[in-house]
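Asks: Got a predicted model here, sequence first, then my questions.
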Amino acid sequence: MTRHLIHIGYPKTGSTFLQRWFAAHPQIAYAHGGIAGFRSIHSLVAEAAGKDPGYLWRVTSHEAFTFPFLDAGRRDIDLSHPGEGTLEERQARACALLADNFPDAHVLIVTRGFRSMILSSYSQYVRVGGTDDLETQMWLGGKNPWCYDELIAMYRARFGDRVIVLPYELLARDPAGFRAEMERRLGVAPFDFKDAVVNRSLSPVELRWYPRIARLVRRLPFRRRMSRLYLGLVFDNRLSRPIALLNRLSSAKPVDRTVVTDELLEAVRGTADGLAADPIYRPFARDYLFEHRLNPQ
């Protein structure tokens, strides 16, 4: 019997790598932007007319299920209006939609340690035209958007023990080990797959300069046209060389791990403590701020 796996994110946890792996695996059906391995209703009909491909899994993958927003799938994103209601309300609606339509599916959630997640998420924000510096970004003073325990509990309430949770850190440090874990969880055979870094984050210097350039672009004549041009440049990081020159002329403080202070991380401590019970997460206790649970004083 072919089963359905829904990969819901989080963003910046190796989603592009996973989608490449899904697409390449001979026992898995996956179509980018499609549902359950079908690009459209036409491809479903065409498969029905042919031989059984013998897939063990059909995969639906979109990292924005954990961060639902109105402009999903578009490069030009309205950052001022991501959607109706709070993030928690949008997450709950996404979970309900998936559970109501695919009640027997399995769910894959990939998490990432807080300091690394904040920096990488900020890189993505800058890539879609964000103008704020990291120090003034809205999420740093508000509700933590990475309440892993809450989201995992929400999905387990609807999908039970069919929820798979894995750390991005395993993928980053040992891609072959991560693939082996996926193969074990899904019961699929190993196959020859070339690991590669994709969707690389912006550098610390680029993270400081791009928002400055974005603020300047917003003040130029023909703002809409110039903004579209800028979005294409920043998304593909085509200004890396001019930024390196600018930084030599006027050095700016890089946006690196030191910007995400221990004091800031205290605001998110405790929202991933449930992961401490999973042995696969214990090597990454410091990344998820639950080391105190493993070494009580």
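Replies: Structure's in. What do you need?
Asks: When you work out contacts or count neighbours from here on, use the C-alpha atoms and nothing else.
Replies: OK.
Asks: just checking, what packs against the one helix or strand residue 44 maps to?
Replies: Using DSSP states H and E, residue 44 sits within helix 41-49. Applying 3 or more Cα pairs under 8 Å, 6 or more residues apart in numbering; DSSP states H and E, one finds that helix 41-49 makes contact with no other helix or strand.
Asks: Any stretches of the stretch 101-250 of the chain with poor pLDDT?
Replies: The stretch 101-250 of the chain contains residues with pLDDT under 70 at 137-143, 197-199.
Asks: All the strands of it, residue numbers only.
Replies: 106-111, 163-167 (DSSP state E, counting those that start in this stretch).
Asks: got the contact list for the last one?
Replies: Contacts of strand 163-167 from elsewhere in the structure, counted by Cα atoms under 8 Å, 6 or more residues apart in numbering, are 106-112, 152, 155-156, 185, 280-281.
Asks: ok so, going back, and the helix holding residue 44, how far out from the chain's middle?
Replies: Here the centre of helix 41-49 is set off from its chain's centre by 30 Å, with Cα atoms, centre = their mean, to the nearest Å.
Asks: which other residues reach the helix or strand sitting right after that helix along the chain?
Replies: Next helix or strand after helix 41-49 toward the C-terminus (DSSP H and E): strand 57-61. Strand 57-61 has contacts (Cα under 8 Å, 6+ apart) with 2-9, 19, 22, 27-37.
Asks: Quick check: buried residues in stretch 185-193?
Replies: Within stretch 185-193, the residues that count as buried by 16 or more other Cα atoms under 10 Å are 186, 188.
Asks: and that stretch, how far out from the chain's middle?
Replies: Taking Cα atoms, centre = their mean, the mean C-alpha location of stretch 185-193 is offset from the chain mean by 22 Å.
Asks: first vs last residue of it, how far apart are they?
Replies: When the termini of stretch 185-193 are compared using Cα to Cα, to the nearest Å, they are 18 Å apart.
Asks: when you give positions from now on, start the count at 499
Replies: Will do, 499 is the new start, and the previous item becomes stretch 683-691.
Asks: ok, and what's touching that stretch?
Replies: For stretch 683-691, the surrounding residues in contact (Cα under 8 Å, 6+ apart) are 519, 522-523, 525, 554, 662, 678, 681.
Asks: rewinding a little: which of the contacts of strand 661-665 tops the neighbour count?
Replies: Counting neighbours by other Cα atoms under 10 Å, residue 605 comes out on top of these with 26 neighbours.
Asks: Cool, thanks, signing off.
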